[in-house]
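*Asks:* here is my input; please provide its structure:
(2 chains)
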Amino acid sequence: MPVLENIKIALQALNSNKLRAILTTLGIIIGVAAVVAVVSVVQGLSFMITSQLQEAGADFIIVVPNRPRGEAGEMLGRIELTYEDGLAVNEKAPEVKDFSPLLQRRATVKFSDEHTFTYILCTSASFQEINNHYVDRGRFLTKLDNDHRKKVCVLGTKVVEDLGIKGNPLGKGVSIRKLSFTIIGVLEERGQALGQNADDVCIIPFNTSRLLFGEEASRSLVLYFRAKSAENIDLAKEQITEVLRKQHSLKSGQPDDFLVLLQQDLLERINTILGSVTAVVAGIVGISLVVGGIGIMNIMLVSVTERTREIGIRKAVGAKRRDIIFQFLVEAIILSLVGGTIGIVFGYTLGVIVTRFIPQLPPAHVPLWAVGLGFGFSTLVGLFFGIYPAARAGKLDPIEALRYE
Amino acid sequence: MLINLSNINKIYKMGLTEIRAIDGVSMEVEPSEYIAIMGPSGSGKSTLMNLMGCLDTPTSGSYILNDMEIAHLDDDKLAEIRNKEIGFVFQTFNLLPRANALQNVELPLIYSNISARERRKRALHALEVVGLKDRVNHRPNELSGGERQRVAIARALVNSPSILLADEPTGNLDSKMGEEIMQVFDRLYEQKNTIIVVTHEEHIARHTKRVIKLLDGKIISDESQE
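*Replies:* Got it, this is the predicted structure:
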C-alpha cells in the first residue's frame, strides 16, 4: 500500500478529531517548544559572545590576577598584577607587541547639573587597538596623556547622552571625584555586550587614575596584550608566563599567581558553560517528550479500539497485517510531527519574546540543527510509542473485529 | 471447478467442551452458480461463510479455491486471496463512515496497489453497475439503507472477484429495499458472477438456483431449483 494513501487516511482520521489530536500532542508541543526556546536563547548568546571575541582578534591576550586553588595557592603572598609587570612583559617577551593595563572602577561623572554612575576605565593609548573599540570624534588617549597624568577623558555615547551634553562635547569639562577632566574624544557606538553596555564608559589615562583611586588600586590590574601574530600566540603565552613568574619571584614548584587567557580559551570556556546549560535542558526536555509519547500511545490505543470495525472492514477487503500496522504508525508519527511543528514555532516565538523583553539578551537565534532535532525527536517519539498500538491493531482478528459494536 | 470443500471441520474449544461448528462438510461449487445457504441460527452457516471467504481457516479438511489449497495459508496470504478472489456483502453494510461512496468502493483496490486514476475509473464503473452513479460523493449517513447496501455490493464487485459472498444482505432492510437488492444480485448472476447468499428467509432463497441447508454444522440437503 502506498505511503501517500496512508498519509491521506491518517490526515482524515486526525482531521475528524482535531481537538483530541491537539490535546494529545500537548506533551510533544511543550517539550519541543522548551528545547527550541532554550536553544534559541543560548545560541543567540553564544553567537554574540563568539562574534565579539572574534572581533577582538585572535592575537588578543588577557592576564588576570588569580590565586591558585589549594594549599600552594594559600602559601603565596599578595596576588597582584602591576603596571610594571606589564611593562616588563612588553619589554622581555619578544612575541608580545602591545600592552595596556586596565583598571576598572565605578564612579559618578558630573557635568553641570547632570551626573551619571558609570564605569571608569583607566588604561593607556594602545587600549583602543587591543579592545578594537575606536573613537568616533576627537582622539583617543596618547602616551603623552599617560606620561603627564593629564586629566583628560574619552566618553562612551551613553555617558554623553546621560550627562545631557548638547552640541560638540569635545573640549568641555566633566568632573570625577571633584577632579575636573577635559573631554578629548567620544567612542563609536557599540551597544549591549555581555550584560555590559560598551557605550556606558569613561576612559581616562592609567597614570591619572592614581589621583582618583590611589596607589593601592593600581596594584591589582588586568593586563591586555597583543601577540605579534595569531599563529605564535602559544609561544607568546609561554613568554608572558615566564616573565611574570620572574617578576613575581616564583620558585619552580610554586603555581602561577595569574591566569593567561587567550581568545580561544575564552571561547572554549564559554562554549563549555553554554553546552552544559543546553545539555541540562535537553535532559528535562527528554522527560517531557517521553511523557508526550505516552500521551500519544494512550490516544492511539483508544483510537484502535474505536476503529476496531474499520480495521475489520479493511482486513476483510484484503488489508494485510503490515498495511494496518503501517496505517496506525503513520498516524502516530503525523500526530507527533504536528506537535513538533507547533512546538518549534511556539518555542521560537517564545525565544523571540524572551529576548525582546530582557534587553541584556541578544536576539534569538535558532540553528537548523535544532529544528532538525525537534522534528527528528518527535518522529522518533511517534514511531516508538506508536508501535504498540499499531501492532495491536494489526493483530486483530477480522471476524472478531467485524462483529465489534 | 471453483470451490471444492472436502471433509471440512471447524471446532471451537470452550473450556473442556468442544463445539463442532462445522462437522465434516463437503461440497463443490462451479463457476457462475447462484447459491443460497440456509439454516437456523447456530447451524454453522456464518462459520461456513467465513471459511469460504478466507476470513477463517478450518480445523481440518481441505478447501480448494481456483485450484489452490487454502486451508493452511497464513494470515497475509489469506488477506491477499480475500482481496483478489472474494467480494463480501455484510448484513450491516460495513462501510467506512468517514469515506464517501466512491472512496468506500475504492478500498479493496488500495490494497492491491492500483494507481489512483485506475481505482477511480473502476470504482465509478462498479457504482454504475449497481445504479448509484449519481451518489458517488455521498457519505454512508447521507444514503438510504438500500443505497448503502448497493455501495457495499459495488465494493465487493470492484476487484472482479471469483465469488460474491453475501451474509444476510437484506437482513437490515425493509422488504421493498430487500427485493431491490436481490434484483441486483439476480442481474449480477445473469452477468456470470458466482454468488453465494447466506440467509434464513425462504423468499430470498427463492431467487437462487441452488439451496444448501445446514443443521448443527452438517449439510442436510443440497437441491437445485428453477
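*Asks:* could I get the buried residue list for the biggest helix by length in chain B?
*Replies:* Criterion DSSP state H: the longest helix present in chain B is helix B:175-190. Going by neighbour count (16 or more other Cβ atoms under 10 Å in any protein chain shown), the buried part of helix B:175-190 is B:177-178, B:180-182, B:184-185, B:188-189. Where C-beta positions appear, they are placed from N, C-alpha and C, glycine not excepted.
*Asks:* next: stretch B:167-176.
*Replies:* B:167-173.
*Asks:* how about JSON lines for those residues, with distance to residue B:120 added?
*Replies:* Shown next, in JSON lines, are those (distance: Cβ to Cβ, whole Å):
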{"residue": "B:167", "distance to residue B:120": "28"}
{"residue": "B:168", "distance to residue B:120": "31"}
{"residue": "B:169", "distance to residue B:120": "26"}
{"residue": "B:170", "distance to residue B:120": "29"}
{"residue": "B:171", "distance to residue B:120": "31"}
{"residue": "B:172", "distance to residue B:120": "29"}
{"residue": "B:173", "distance to residue B:120": "28"}
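*Asks:* taking those one by one, which sit in strands?
*Replies:* Per DSSP state E, strands hold the following members of the buried residues of stretch B:167-176: residue B:167.
*Asks:* tell me the one of the buried residues of stretch B:167-176 nearest chain A?
*Replies:* residue B:167 (9.7 Å; Cβ to the nearest Cβ).
*Asks:* show me what contacts residue A:129?
*Replies:* Going by Cβ atoms under 8 Å, 6 or more residues apart in numbering or on different chains, residue A:129 touches A:98, A:226.
*Asks:* residue B:35: how many residues sit nearby?
*Replies:* By other Cβ atoms under 10 Å in any protein chain shown, 22 other residues sit near residue B:35.
*Asks:* wait, it sits on residue B:209?
*Replies:* Yes. Here residue B:35 lies in contact with residue B:209, judged by Cβ atoms under 8 Å, at a distance of 7.4 Å.
*Asks:* low-scoring stretches of the stretch 101-250 of chain A, by residue?
*Replies:* A:191-196 (pLDDT under 70).
*Asks:* out of the buried residues of helix B:175-190, the closest to residue B:162 would be?
*Replies:* Closest approach to residue B:162 among those (Cβ to Cβ): residue B:188, at 13.1 Å.
*Asks:* what's the closest non-adjacent residue to the closest one?
*Replies:* Using Cβ to Cβ, 6 or more residues apart in numbering or on different chains and skipping the chain neighbours, the partner closest in space to residue B:188 is residue B:195 (6.3 Å).
*Asks:* surely the one you found is in a helix?
*Replies:* No. Judged by DSSP: H, G, I helix; E, B strand; the rest coil, residue B:195 forms no part of a helix; its state is strand.
*Asks:* was I right to think it contacts residue B:31?
*Replies:* No. With contact defined as Cβ under 8 Å, residue B:195 and residue B:31 do not form a contacting pair (11.1 Å).
*Asks:* the more surrounded of the two?
*Replies:* For residue B:195 versus residue B:31, neighbours defined as other Cβ under 10 Å are more numerous around residue B:195 (24 against 13).
*Asks:* how close does the more buried one get to chain A?
*Replies:* Distance, residue B:195 to chain A, by Cβ to the nearest Cβ, to the nearest Å: 17 Å.
*Asks:* just the pLDDT for that residue.
*Replies:* With respect to pLDDT, residue B:195 has a value of 96.
*Asks:* bridging residues for it?
*Replies:* Applying DSSP bridges to residue B:195 gives these bridge partners: residue B:34, residue B:164.
*Asks:* got a list of what the one residue sitting closest to the centre of chain B touches?
*Replies:* By Cα atoms, centre = their mean, chain B has its centre lying nearest to residue B:165, at 1.4 Å. Taking Cβ under 8 Å, 6+ apart, we find residue B:165 in contact with B:49, B:52-53, B:86-89, B:156, B:196, B:198.
*Asks:* mind checking which of the residues you listed are in helices?
*Replies:* Short answer: the contacts of residue B:165 in helices (DSSP H) are B:49, B:52, B:156.
*Asks:* top of the residues you listed by number of neighbours, please.
*Replies:* Neighbour max across the ones in helices among the contacts of residue B:165 (other Cβ under 10 Å) = residue B:156, 28 neighbours.
*Asks:* pretty sure that one contacts residue B:164?
*Replies:* Yes. Using Cβ under 8 Å, residue B:156 is in contact with residue B:164, at 5.5 Å.
*Asks:* joint contacts of those two?
*Replies:* Residues touching both residue B:156 and residue B:164 by Cβ under 8 Å, 6+ apart: B:87, B:89.
*Asks:* give the next helix or strand downstream of the helix ranked longest in chain A.
*Replies:* Secondary structure of chain A read by DSSP H shows that its longest helix is helix A:263-306. The element immediately downstream of helix A:263-306 (helix or strand, assigned by DSSP states H and E) is helix A:308-316.
*Asks:* which SS state does residue 78 fall under?
*Replies:* The chain I'm using is chain A. Put simply, residue A:78 is coil when judged by three-state DSSP.
*Asks:* actually chain B
*Replies:* Following three-state DSSP, residue B:78 is assigned to helix.
*Asks:* skipping adjacent residues, who's closest to it in space?
*Replies:* residue B:54 (4.7 Å).
*Asks:* contact partners for the one you found?
*Replies:* Contact analysis of residue B:54 by Cβ under 8 Å, 6+ apart lists B:65, B:70, B:73, B:78, B:81-82, B:85-86.
*Asks:* ok so residue B:37 is a strand residue?
*Replies:* Yes. Under three-state DSSP, residue B:37 falls within a strand.
*Asks:* do I have it right that it meets residue B:212?
*Replies:* Yes. Between residue B:37 and residue B:212 there is a contact under Cβ under 8 Å: 5.1 Å.
*Asks:* more neighbours: which of these two?
*Replies:* Shown here are residue B:37 and residue B:212; by other Cβ under 10 Å, residue B:37 has more neighbours (29 against 23).
*Asks:* can you tell me how far the more buried one sits from residue B:208?
*Replies:* 9 Å (Cβ to Cβ, to the nearest Å).
*Asks:* shared neighbours, these two?
*Replies:* With Cβ under 8 Å, 6+ apart as the test, residue B:37 and residue B:208 both reach residue B:197.
*Asks:* distance of residue A:108 relative to residue A:119?
*Replies:* Applying Cβ to Cβ, the value for residue A:108 to residue A:119 is 11 Å.
*Asks:* who has more neighbours, these two?
*Replies:* residue A:119 (18 against 12).
*Asks:* spatially nearest residue to the more buried one (excluding sequence neighbours)?
*Replies:* Of all residues not flanking residue A:119 in the chain, residue A:201 sits nearest, at 4.9 Å (Cβ to Cβ, 6+ apart).
*Asks:* give me every residue in chain B lying close to chain A.
*Replies:* B:50, B:53, B:55-56, B:75-76, B:79-80, B:82-84, B:88, B:90, B:94-96, B:98-99, B:107-108, B:110-113, B:155, B:159 (Cβ under 8 Å from any Cβ of the partner chain).
*Asks:* among the residues you listed, which are in strands?
*Replies:* Reading strands off these with DSSP E, I get residue B:88.
*Asks:* just the buried ones from the residues of chain B next to chain A?
*Replies:* B:50, B:53, B:55-56, B:79-80, B:82-84, B:88, B:90, B:94-96, B:98-99, B:107-108, B:110-111, B:155, B:159.
*Asks:* got the contact list for stretch A:35-55?
*Replies:* Outside stretch A:35-55, the residues that touch it by Cβ under 8 Å, 6+ apart are A:132, A:193-194, A:263, A:266-267, A:270-271, A:274, A:277-278, A:281-282, A:285, A:343-344, A:346-348, A:350-352, A:354-355, A:361-367, A:370-371, A:373-374, A:377.
*Asks:* assumed residue B:61 was part of a strand.
*Replies:* Yes. Looking at residue B:61 with three-state DSSP, it is inside a strand.
*Asks:* got a list of what it touches?
*Replies:* Residue B:61 makes contact with B:5-9, B:24-25, B:71 under the criterion Cβ under 8 Å, 6+ apart.
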